[in-house]
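**Q** Predicted structure and sequence below. I'll ask about it afterward.
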Amino acid sequence: MFEKRSDLNKLLVVAETGQILSAADKLAITQPALSRIVSKLEEQFRGRLFERIPTGVRLTELGSIVTELARRLLREIEDAEDIVFSMVSGRSGTYRVTAGPVWMQAVLPSAVARFHETFPSVELKLQTTAYKEGIWLLTNGKTDMHCGGLDTNEPLPPYLAREHVLDTTLGIVAHRDHPLHARRPTYGDLADYPWIDFDAVLQGEGTAARSLLADLLKRLHRRTGRHVRTIIRTNSVGLFLMATGPYLSYLSSTLIENIPEFQLKPLPLKLGAHRYRAGIVSRRSTESLEPFRYLKQMIREVAQGRRFGPPGLAAGT
């Protein structure tokens with residue numbers, strides 16, 4: 001049923017576009033040819049994979065299962081090819097890595113620079129995502145690793161592996177020149193300033209994940225009866241915004257100390273202060289790849305403070 005990779009890739013394009021015609025244009029084939037491929041796959045899987053709707057097509061229950069398995073299978077095949085290429089050259093392949101905004105700024109730059117000193121020919125594709133979206137991308141075979149985020153120790157699929165890297169503290173954070181650092185802030189003061197939400201992103205089938213900040217602001221409303229004025233939902237760009245305006249956010253107050261260019265620091269408030277575990281989730285099929293193991297080692301060492309600073313310099317020098 002899953003024998004022909006090219007047909008599976010075409011199936012995924014139809015699922016992503018939701019239209020046979022748009023998918024055919026994207027694949028540079030005719031609509032009848034693509035329709036025949038879909039019909040052939042439905043014969044192989046003994047059921048309808050799509051149902052027609054006014055705007056195009058959408059996956060049936062069977063179609064959702066087949067496309068999820070197809071994504072995973074195609075990624076596993078790519079991993080297997082990387083293993084073969086790595087055995088031949090030791091320095092080839094492509095890895096897709098996602099990370100939370102703070103990890104993308106505080107950890108990944110130094111880790112990636114050191115990784116490429118040893119494996120200069122390995123391509124890395126980096127993407128900033130919230131934790132839940134990162135796990136969704138991993139589960140669906142679109143990435144190889146996610147770094148950071150609040151690890152709640154929820155069950156993971158058997159083909160994913162969790163690794164605890166460090167304990168960190170979640171807290172309310174602002175630029176060091178923010179007016180609230182000049183006095184002892186109250187909870188009521190928090191509603192006077194705009195907030196940036198790094199965690200509220202779309203994931204999966206257009207489903208919005210509830211963010212950690214949303215829960216914090218709900219508690220703030222219960223305490224004060226006030227709502228915040230503005231919320232900006234963004235990714236790493238928000239760190240640059242925080243360095244230029246009176247924004248507040250809810251971030252790892254441990255790792256932001258290692259991003260000196262943004263000059264962020266936690267506010268002295270107990271609301272939302274939370275100690276939590278953070279680390280790496282990756283695909284088990286990558287564990288046999290030497291470059292991938294080395295990349296994880298570099299990420300661990302930088303996150304744990306053993307390798308901060310420019311490439312070639314030891315931490316603290």
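**A** Structure's in. What do you need?

**Q** Give me the mean pLDDT for the longest helix along the chain.
**A** Under DSSP state H, the helix in the chain containing the largest number of residues is helix 61-89. Computed over helix 61-89, the mean pLDDT rounds to 77.

**Q** Export the following helix or strand past it to PDB, keeping only CA atoms.
**A** The helix or strand immediately downstream of helix 61-89 is strand 94-99, counting by DSSP states H and E. Extracted in PDB, the C-alpha atoms of strand 94-99 (Å, rounded to 0.1, in the frame of the first residue of the first chain):
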ATOM      1  CA  THR A  94      19.800  17.400   6.300                       C
ATOM      2  CA  TYR A  95      18.300  17.800   9.700                       C
ATOM      3  CA  ARG A  96      15.100  19.800  10.500                       C
ATOM      4  CA  VAL A  97      15.200  21.400  14.000                       C
ATOM      5  CA  THR A  98      12.600  23.500  15.700                       C
ATOM      6  CA  ALA A  99      13.100  25.500  19.000                       C
END
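
**Q** Now do the next helix or strand along the chain from strand 94-99: which elements does it pack against?
**A** Downstream of strand 94-99, the next assigned helix or strand under DSSP H and E is helix 101-106. The elements that helix 101-106 packs onto, with contact taken as 3 or more Cβ pairs under 8 Å, 6 or more residues apart in numbering; DSSP states H and E, are strand 123-128, helix 237-242, strand 248-252. Where you see a C-beta, it was placed from the backbone N, CA and C, and this is true even at glycine.

**Q** Let me know which of these is tucked in deepest.
**A** Counting by mean count of other Cβ atoms under 10 Å, strand 248-252 has the highest mean neighbour count of these, with a mean of 25.

**Q** CA atoms of it as CSV?
**A** Coordinates of each C-alpha in strand 248-252 appear next as CSV, following Å, rounded to 0.1, in the frame of the first residue of the first chain:
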residue,chain,number,x,y,z
LEU,A,248,6.0,42.3,29.0
SER,A,249,6.1,38.6,28.3
TYR,A,250,6.2,35.2,30.0
LEU,A,251,9.6,33.5,29.3
SER,A,252,12.4,31.4,30.7
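
**Q** Kindly provide the distance from the residue lying closest to residue 174 once chain neighbours are set aside to residue 289.
**A** Nearest non-adjacent residue to residue 174, counting by Cβ to Cβ, 6 or more residues apart in numbering: residue 248, 5.3 Å away. Shown here: residue 248 relative to residue 289, a distance of 41 Å by Cβ to Cβ, to the nearest Å.

**Q** Could you do residue 130 as well?
**A** 26 Å.

**Q** can you pull out the strands in the protein?
**A** Along the chain, counting by DSSP state E, strands occupy 50-53, 56-59, 94-99, 123-128, 145-147, 160-175, 195-197, 202-203, 207-208, 231-233, 248-252, 264-266, 274-283.

**Q** who's in contact with the second one?
**A** Looking back up the chat, that one is strand 56-59. Outside strand 56-59, the residues that touch it by Cβ atoms under 8 Å, 6 or more residues apart in numbering are 14, 15, 17, 18, 19, 20, 22, 49, 50, 51, 67.

**Q** buried subset of these?
**A** Neighbour counting with 16 or more other Cβ atoms under 10 Å marks 14, 15, 17, 20, 49, 50, 67 as buried within these.

**Q** How confident was the prediction at the fourth one?
**A** With respect to pLDDT, residue 20 has a value of 91.

**Q** Next: the fifth one.
**A** As predicted, residue 49 sits at a pLDDT of 93.

**Q** any idea how far it is from residue 10?
**A** 12 Å.

**Q** Can you check which residues contact both of the two?
**A** residue 38.

**Q** Tell me how many other residues surround residue 243.
**A** 16 (other Cβ atoms under 10 Å).

**Q** which residues sit in contact with the residue nearest to it when sequence neighbours are not counted?
**A** For residue 243, ignoring the flanking residues on the chain, the nearest one in space by Cβ to Cβ, 6+ apart is residue 262 at 4.7 Å. Contact analysis of residue 262 by Cβ under 8 Å, 6+ apart lists 105, 175, 239, 240, 242, 243, 256.
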